[in-house]
Each structure stands twice: as C-alpha cells, then as structure tokens.
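Asker: What would the 3D arrangement of this be:
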Amino acid sequence: MTAPLRLSVRRSEVPPPEAPDRRIEISLRVPTDLGVVEEAVDLVARHCLASGIPPRAARFRLRVALCEALSNAIVYGNRMDPAKRVDVTVVVTDTTVSVQVRDEGDGFDPSGIPDPTSPERLEMAEGRGLFLIRQLVDEVRFNERGNSICMILHRA
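Answerer: Here you go, the predicted structure:
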C-alpha cells in the first residue's frame, strides 16, 4: 500500500514590512510511487490556482514541469525505492511561483545530461524531461548535490 500524500499550506495574509509580497507556501510529501504523480500535481495546481496564479501557467506550464520533476525524482533520484519520499515546496508570491522538488537520492550533475534535440539523440529518451522543464519555466536551479530542482515561473 502506498503512503498517503501529506499537504501543508501556509498563507501570509498581511505581508511583513520587510517582505512586500503576499506569500503562500505549499508543502507536499510524495511517496516514491509513479501512481500518485497525477494526484500530487492536481493538488499543487489546485492550491496554486486558489492563490491567484494565472490559470494558463497553473494548468499547463506548472503542471507539466512539476509532473516531469516528480517523475524524475521518483525514477532516477529515489530509484523507485518505496522507503524514500519526495518533498515538494511551492512558494507563491505576487511576482513568482517557485517550485522545489527534492528527492532522497544521491543526486546528479545536470550539466552532464546530453541535449535530446541533437540529431544523434533524437531517438533516445534521456534528457527529454529536463529539456521540457527548461522550456516551460523561466528559471531552473539545482542544489550542489543534484537531488533538488527549483523551477521558477515569473508572474506577468
């Protein structure tokens, strides 16, 4: 049996003087199970829409990027180990939506992932998810270990 998703939502109704933006933080713990990815993405997207992010960004860009990042974390990061979890943290402000996905794996070097659009790699699947993420979000950052991706969408 798969462990349930654990959701936490914190809203700052009145921003403190040092932080001019309204801030909503969504935290979700996801079991290492590809069967819950769609449910996790739906849950995050629903809360992001309730936070006022544009529907197009939430319905397409955010959903696809988060789905790819979660799938990569489960398959490549946690190597499908059911004892491991993936943590998702979303911070919505007036200017950005920041999505961090962290797995419990050893990490990887993102610069070592080959370009899937090069002619000799068109038939290979490796690197397509990361390529897609980079096309959908405005910024992508990794931690030094390589087990955490931060995807940033700027709110227009």
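Asker: What strand or helix carries the residue nearest to E68 when sequence neighbours are not counted?
Answerer: Spatial nearest neighbour of E68, chain neighbours left out: G129 (4.1 Å); criterion: Cβ to Cβ, 6 or more residues apart in numbering. All C-beta atoms are positioned from the backbone trio N, CA, C, and that covers glycine. Per DSSP states H and E, G129 falls inside helix 128-136.
Asker: so what does that helix touch, helix or strand wise?
Answerer: When contacts are defined as 3 or more Cβ pairs under 8 Å, 6 or more residues apart in numbering; DSSP states H and E, helix 128-136 packs onto helix 63-72.
Asker: what sits up against the helix it packs on?
Answerer: Outside helix 63-72, the residues that touch it by Cβ atoms under 8 Å, 6 or more residues apart in numbering are 30, 34, 37-38, 40-41, 44-45, 86, 88, 99, 101, 129-130, 132-133, 136-137, 149, 151.
Asker: Export the very next helix or strand once past it to CSV, keeping only CA atoms.
Answerer: Going down the chain from helix 63-72, the next helix or strand is strand 85-93, by DSSP H and E. Provided in CSV are the C-alpha atoms of strand 85-93 (Å, rounded to 0.1, in the frame of the first residue of the first chain):
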residue,chain,number,x,y,z
ARG,A,85,10.0,10.2,-0.3
VAL,A,86,10.0,13.2,-2.5
ASP,A,87,9.4,16.7,-0.9
VAL,A,88,7.7,19.4,-2.9
THR,A,89,7.7,23.0,-1.7
VAL,A,90,5.9,25.7,-3.7
VAL,A,91,6.1,29.4,-2.7
VAL,A,92,3.7,31.7,-4.4
THR,A,93,4.3,35.5,-4.1
